[in-house]
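>>> coordinates only, sequence not included:
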DNA sequence: AAAATAAAGGTCAGTTAAAGTCAAAAAACC
DNA sequence: GGTTTTTTGACTTTAACTGACCTTTATTTT
């Protein structure tokens, strides 16, 4: 018997498919549709729609809030290249490693220099200074992955 | 379901655009137009048209009162615009505020869309999830400032 | 002139409608 | 039998929206 989470996963994927790579839902509505508590939607999103799996999840709380899930198309070389790198990246990222990656992306013409420059600024120790060193590299990695996904999705829709 | 606040924001922006960088409204009239209470206009102004976001809001009460919203530094360069924003930015930045800034930067051609998109990804709660909520908005601001500085420096050296 | 009235905008605390968090219970899987 | 995954729900946070009450300014009345 299919697990509820699988059903939800499937449903979201269909929505994405039908909708050109982008699903926009309301957590509570979707929850009601499949008859589960809202937080289970959150669970599914966090386990099956991660950056590493090629998805970007954005959301907004408060009145009129929503959740948007987008999938990369993986059709251009840049997308391939970045997804490949992203999957090889692991959980933590030092400033130095970040710079190496960015340099490669620029050298191989995968990311334009101005974009890389801004990314570098955001990923620098200077910017992340207030974060505990034990946590910093994890956050930096989350940021890197999310920024890369945003970059890919942006250039796709352009 | 478009949020009323968004409609109001858009409306005001159009007025500003049509009118050479300066919109003059009457709070209650605008409120009636979009069918909301007057104080919601105030709410929109205070969340999306702050000084730091490049606007100057003046008003006059009493009979024949008005509210005037002007874009600051319409004619200056991107670097000026960003420097002004940087100066007016405090210590903390929520995801929502970050998005308002970025939207403005793009709308006013101060930062190219792909760069803004990547910034948004890095500044999102999604990416900064592991940081304690008490600290998160401080870090986000540090990042924003750093990225903006990097952007300016980059475009200078070209 | 002074007082009263009308016509604006300002403030702020409270309500509603969303999403997020987290840990415990239940189920599924070795 | 123990471990991992799923499911649940109580509680938190955030953003939008509302309304009652306040302050300021202009106009009208006396």
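On my side now, so go ahead. Just so it is clear, the model here is predicted, and its values are computed rather than measured.
>>> Against which helices or strands is the lengthiest helix in chain A packed?
Longest helix in chain A, counting residues (DSSP state H): helix A:133-157. The contact analysis (3 or more Cβ pairs under 8 Å, 6 or more residues apart in numbering or on different chains; DSSP states H and E) places helix A:133-157 against strand A:55-60, helix A:77-87, helix A:95-107, helix A:113-123, helix B:113-123, helix B:125-128. For the C-beta atoms, the positions are set from N, CA and C on the backbone; glycine is no exception.
>>> Got the domain ranges for chain A?
Domain ranges of chain A: A:4-71, A:77-157, per automatic domain parsing.
>>> Buried deepest among those domains, which one?
Highest mean neighbour count of the domains of chain A: domain A:77-157, a mean of 18 (counted as mean count of other Cβ atoms under 10 Å in any protein chain shown).
>>> could you give me the average pLDDT of that one?
Taken as a whole, domain A:77-157 has an average pLDDT of 95.
>>> Tell me if the longest helix of chain A is near DNA strand C.
No: judged by Cβ under 7 Å from any atom of the strand, helix A:133-157 makes no contact with DNA strand C; its nearest approach is 11.9 Å.
>>> Now distance to residue B:79 too, for the domains of chain A, in a markdown table please.
Shown next, in a markdown table, are these (distance: least, Cβ to Cβ, whole Å):
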| stretch | distance to residue B:79 |
| --- | --- |
| domain A:4-71 | 29 |
| domain A:77-157 | 14 |
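>>> who wins for proximity to residue B:53 among these?
Nearest to residue B:53, of all those, is domain A:4-71, at 18.2 Å by Cβ to Cβ.
>>> quick one: is the closest one near DNA strand D?
Yes: Domain A:4-71 reaches DNA strand D (Cβ under 7 Å from any atom of the strand) through A:4-6, A:8, A:36-37, A:39-40, A:43, A:47, A:60-65.
>>> In strands only, show me those.
In strands, defined here by DSSP state E, the members of the residues of domain A:4-71 next to DNA strand D are residue A:60.
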